[in-house]
Structures are given as C-alpha cells and as structure tokens.
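Visitor: no sequence on hand, only this structure:
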DNA sequence: GTACATTTTGACCATTCAGTCAAGTTTTTG
DNA sequence: CAAAAACTTGACTGAATGGTCAAAATGTAC
C-alpha cells in the first residue's frame, strides 16, 4: 500500500526555494532576512550557538518559528550567515592598514578604530570570540586560508617597517595578536570591566580615555619615559 | 488510592547527604569529586555550559550519570564548583604582585607567569572567558566584590608607582586590563593563533618567543627606541 | 482580476537531555 | 561478621527544542 499522500512522485511540486546568493531577493526576503540576522546576532553573541533557541530569534525578529525556518532551513544556516556577514566588517580595518603610510600613524589609526568598534558593536566581537573559543567549528577553514593569508601579508609590511627602523624590533605576528587581544577585550570582557569600574564606563569620556590608555601602552610601553 | 510505593511517609529514609564543604569527605568522595571536576573543566571549557551534557562529563569521568548526580545534584553545581576552584588559582599571581618590589620587575614577572599559565592551562582561561562572555551569570557577584576590591587595591599600587616616576603615566586600570587581555588571548584564541602560525606553535621555543614579544611590546611599546 | 508564486502559520513529531527512583552492591563501623 | 552507611546503576520521566508539513493567506505578474 502506498503511503496516503497528495504528492505524486515524479511531479515537481512548486516549492519556494529561498535563494542563497544575494541576487534574486524579493523585497520581503530582503527585509525578513535582515530582521532575522539582526536578531540572531544579538542572541548568538549573548548566549552562544547552543544557548540560543530558534524560538528566541524568531520572537525577537517578530515572526513565527516556521516562518523563520522558511528563510533559514537550519539553525546552523542562520549562525553561519551572521558569522560571515560580521567577519568581513570586523576585518575591514585590518585590510585597510596602508603599507605606504607612516607606521606609527597607521597603527594608531588601526588601534583607534578597533577600540571604537569594540565600543559600538561589541556583539560582533563577542560572536567571533565565542566561535573561536569553542574551536572555530564553522570558520576554521576561513581562519586557515583567508585570515592566514591576510595576516601574513600584513606581517610582511610590519617586518619591513621594523627593518627600516620605523618600528621597534618586534615580532610582527605577536604585535598583531597583541593589538587584537587588547582592543577586543573591551568588547568581550565588558561585563568584567563594568564590574570593576562601575557605572563610570557609561560616562561620556570613558571610551576615549580607554582608547588613550591602550594607545599609550602599546605605542610607548610601560617603562617610564623621559 | 495510594501510589504504590515502599516509602512510608513520615519515616526518615537514610539518604547519603554529600557534604558541600571540604571537610567530612570520604576517600571515595575525594577521588570521585576530583575526577568529575577534572572532566567537567575539560568539557565546559571546550563546549561551554549549554554545550556540555552531564552524560559527557560522566563518561569522561568514568562513571554513570546517576552516580555523578549523586555527588553534584545539579549540572549547575558542577559548573560552579569548577569555576570557583579555577578562579582562585587563576588570580593567584595577581594577588602576588608585590607593592614593595621593583615596578618593572614585578610586572615582568606577572606577565611572564600569566603567559606561562595560558600555555600550560588554557582550559582554565577559556572556562573563565566563556563565563564572562555570556554575562558572568554565575560569578557576577564575585566580580563585583572580590575581584573589584583586588583590582582597586593593585591599581592603587600601580598609581603610586606612576606618581613616583617608576612607571610611565598610565591609567592603572587599563594597564591591568591590557595585561589580562594580552596574556589570556594566547589561551582563549589559541585556535586562531594556530590557524595563522601553523604547527610551529608546538615547537619548543614558541612559548618563550611569544612571551618575549608580549613583554617587549608592553614594557617598551611599539615606537622605535634609540 | 485571476492564475501563479511566495509567504505565513498552527499543529505536530522526534530527539536530546537534566534529573528521579528504587533496587542493588560495596565499604565502613562497632 | 553483621548492620548501617555510602555508593552505584538501569530504567524512567518530563520538559525543551530543532525541525516538518499541509493548508491558509498574501503578494505579484499578466
């Protein structure tokens, strides 16, 4: 006996296939994907992948769970999309390091921008930190290819600057790691910083003060000068 | 009708109550709690609280789930215990910063020890990072009291050193954050560092090289020195 | 405006997983 | 060595949650 179904085999059922690429997007698709991705970034960055439920994202995005699943068939799909869209933005300033610029000035600009980003979009940093912390199951490949190449490229520039005597003799890779560590710490460990410093972190000048302190340490070091 | 049970109400059933404090522990209790905590640290630090199942911990600890639940009635109990035991160890070197020592030498020692810890016990760092990243739901109170006080205390020392001209004029809090950020980055973002640097991170001299680079940057800064 | 494609949803299913329980086994104690 | 205490476990349960589905509602193109 056949399974009772209205579907006849061989007859193609018209089924809305959500386009993966950015082209061919309906107006509604563009809107709803946006809502979902925004909601998902918020949730994933706060509770992690496992700690976030589809229902939560759907509610925050203002739609039903099946409706959300219509746009992103798997929970993982949302996560990967959010991660991809965030990564690019996050690495932009790094790519913008100008090999022809003044070393100290370029690094000062880079550190400043990263501090600014940590303050204005901490979710992006946290999402990324969480993924790495858990072994980068989704973006491992990206790290080993794109990021790796980009870092090698920039490290070469830094090394040249060092050899030209325009930078202190520092291993370029560890310099990059140190900058990342320091700047992103202000987003990732915000709760801890808040616990220590109290409400003053919301005061107007605090962001600038933090950026200034970090710049001072990284550029000039801890030793007394003058 | 009564529910068929052999338990008679009012009759106290002898039930083994696991002592929460460290005293009064059976030999078996000491062993098994140790096995559980070790296994849990491993799992929680890798997969987070939500990403870890009791079964996984039990299997890694070599016992059945109900048996594990006999020692730690709730999943949260294991997590909190691991966190507490780890936190103390993790903050030890910070507490050991000697107000009477030489500033640069003290900081050099502190940074070196933290780098060493990140390399030898990355799980501890990751467990902690994960907890903070998710808003410190369990140790929020600890951060706002113990940690806060400790940081204030050490910040006062740093500030004195600055006023004595034995340290560059830096905000002491941000100096502390910068040191934490940089050193713990090597544990928390190990996967990323590995992706960029490749297998050389397992080479003998790598740890020392990393520590040297971080010390150089933090102590002397990026600017070229005469 | 009508036919077709797209979007939306309530009801449902299967799995995973924290936690329970009662009955057993082992260890300790007097 | 016998009784009590401590320890261990297989078999469950209930709630949470990722994902399905068929049908209804809405939007779009001609």
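Guide: Alright, I've got the coordinates. For clarity, every value in this text was computed on a predicted model and none was experimentally measured.

Visitor: shaky segments in chain A?
Guide: A:1-24, A:226 (pLDDT under 70).

Visitor: pull up the residues of it that are close to DNA strand D.
Guide: Applying CB under 7 Å from any atom of the strand, we find that chain A lies next to DNA strand D at A:5-7, A:26-28, A:52-55, A:65-66, A:69, A:73-76. For every residue, glycine as well, the C-beta is placed using N, CA and C.

Visitor: which among the residues you listed count as buried?
Guide: A:52, A:54, A:69, A:75 (16 or more other CB atoms under 10 Å in any protein chain shown).

Visitor: closest to chain B among those?
Guide: Relative to chain B, the closest of these is residue A:52; by CB to the nearest CB it sits at 8.9 Å.

Visitor: these two touch, right, that closest one and residue A:43?
Guide: Yes - shown here, residue A:52 and residue A:43 form a contact pair, counting by CB atoms under 8 Å, at 4.3 Å.

Visitor: return only those of the residues of chain A next to DNA strand D found close to DNA strand C.
Guide: Answer for those near DNA strand C (CB under 7 Å from any atom of the strand): A:26, A:28, A:65, A:66, A:69.

Visitor: could I get those in a markdown table, plus columns for secondary structure?
Guide: Shown next, in a markdown table, are these (DSSP: H, G, I helix; E, B strand; the rest coil):
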| residue | secondary structure |
| --- | --- |
| A:26 | coil |
| A:28 | helix |
| A:65 | helix |
| A:66 | helix |
| A:69 | helix |
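
Visitor: widest-spaced pair of those?
Guide: A:26 and A:65 (20.5 Å; CB to CB).

Visitor: identify the residues contacting residue A:219.
Guide: A:104, A:107, A:108, B:221, B:222, B:223 (CB atoms under 8 Å, 6 or more residues apart in numbering or on different chains).

Visitor: could you look up the SS state of it?
Guide: Residue A:219 - assigned by three-state DSSP - is helix.

Visitor: cool, residue A:82 as well?
Guide: helix.

Visitor: and it, how many neighbours?
Guide: Number of residues near residue A:82 (other CB atoms under 10 Å in any protein chain shown) recorded here: 25.

Visitor: wait, it touches residue A:41, no?
Guide: Yes - if you go by CB under 8 Å, residue A:82 and residue A:41 touch, sitting 5.0 Å apart.

Visitor: overlap in contacts of those two?
Guide: By CB under 8 Å, 6+ apart, the residues touching both residue A:82 and residue A:41 are residue A:127.

Visitor: okay if I get the ones next to DNA strand C among the residues of chain A next to DNA strand D as a markdown table plus distance to residue B:195?
Guide: Below are these laid out as a markdown table (distance: CB to CB, whole Å):
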| residue | distance to residue B:195 |
| --- | --- |
| A:26 | 37 |
| A:28 | 38 |
| A:65 | 35 |
| A:66 | 37 |
| A:69 | 32 |
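
Visitor: hang on, the earlier thing: inside helices: which ones of the buried ones among the residues of chain A next to DNA strand D?
Guide: A:54, A:69, A:75 (DSSP state H).

Visitor: who's in contact with the last one?
Guide: Spelled out, that is residue A:75. Residues near residue A:75 by CB under 8 Å, 6+ apart: A:49, A:54.

Visitor: how far away is residue A:194 from DNA strand C?
Guide: Distance of residue A:194 to DNA strand C, computed by CB to the nearest atom of the strand, to the nearest Å: 28 Å.

Visitor: neighbours around the residue nearest to that residue when sequence neighbours are not counted, how many?
Guide: Once flanking residues are discounted, residue A:194 sits nearest to residue A:201: 5.5 Å by CB to CB, 6 or more residues apart in numbering or on different chains. By other CB under 10 Å, the residues close to residue A:201 number 17.

Visitor: correct me if wrong: residue A:201 contacts residue A:195.
Guide: No - applying CB under 8 Å as the test, residue A:201 and residue A:195 come out as separate, 10.0 Å apart.

Visitor: anything in stretch A:123-140 near chain B?
Guide: Yes - if you take CB under 8 Å from any CB of the partner chain as the test, stretch A:123-140 does meet chain B, through A:126, A:129, A:130, A:132, A:133, A:134, A:135, A:136, A:140.

Visitor: which residues are contacting that stretch?
Guide: Counting by CB under 8 Å, 6+ apart, residues outside stretch A:123-140 touching it are A:41-42, A:44-46, A:48-49, A:76, A:79-80, A:82-83, A:86-87, A:89-90, A:117-118, A:143, A:184, A:187-188, B:46-48, B:51, B:126, B:129-130, B:133, B:188-189, B:191-192, B:195.

Visitor: ok, stretch A:105-114 next?
Guide: A:93-94, A:96-98, A:179-180, A:182-184, A:211, A:214-215, A:218-219, B:222.

Visitor: buried sites along that stretch?
Guide: A:106, A:107, A:108, A:109, A:110, A:111, A:112, A:113, A:114.

Visitor: could you export those residues as a markdown table, including distance to residue B:205?
Guide: Shown next, in a markdown table, are those (distance: CB to CB, whole Å):
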| residue | distance to residue B:205 |
| --- | --- |
| A:106 | 30 |
| A:107 | 27 |
| A:108 | 31 |
| A:109 | 33 |
| A:110 | 29 |
| A:111 | 28 |
| A:112 | 34 |
| A:113 | 33 |
| A:114 | 29 |
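
Visitor: which of the residues you listed sits closest to chain B?
Guide: Checking these against chain B by CB to the nearest CB gives residue A:107 as the nearest, at 6.2 Å.

Visitor: so how far is residue A:125 from the nearest residue to residue A:195 once chain neighbours are set aside?
Guide: Distances taken as CB to CB, 6+ apart place residue B:143 nearest to residue A:195, at 3.6 Å, with adjacent residues excluded. From residue B:143 across to residue A:125, the span is 19 Å (CB to CB, to the nearest Å).

Visitor: higher neighbour count, these two?
Guide: Legend: neighbour count by other CB under 10 Å for residue B:143 and residue A:125, higher for residue A:125 (25 against 20).

Visitor: what's the helix or strand for the more buried one?
Guide: Element membership of residue A:125, judged by DSSP states H and E, is helix A:122-133.

Visitor: between that helix and helix B:122-133, how many degrees?
Guide: Calculated by axes from the mean of the first three to the mean of the last three CA atoms, to 10 degrees, helix A:122-133 forms an angle of 160 degrees with helix B:122-133.
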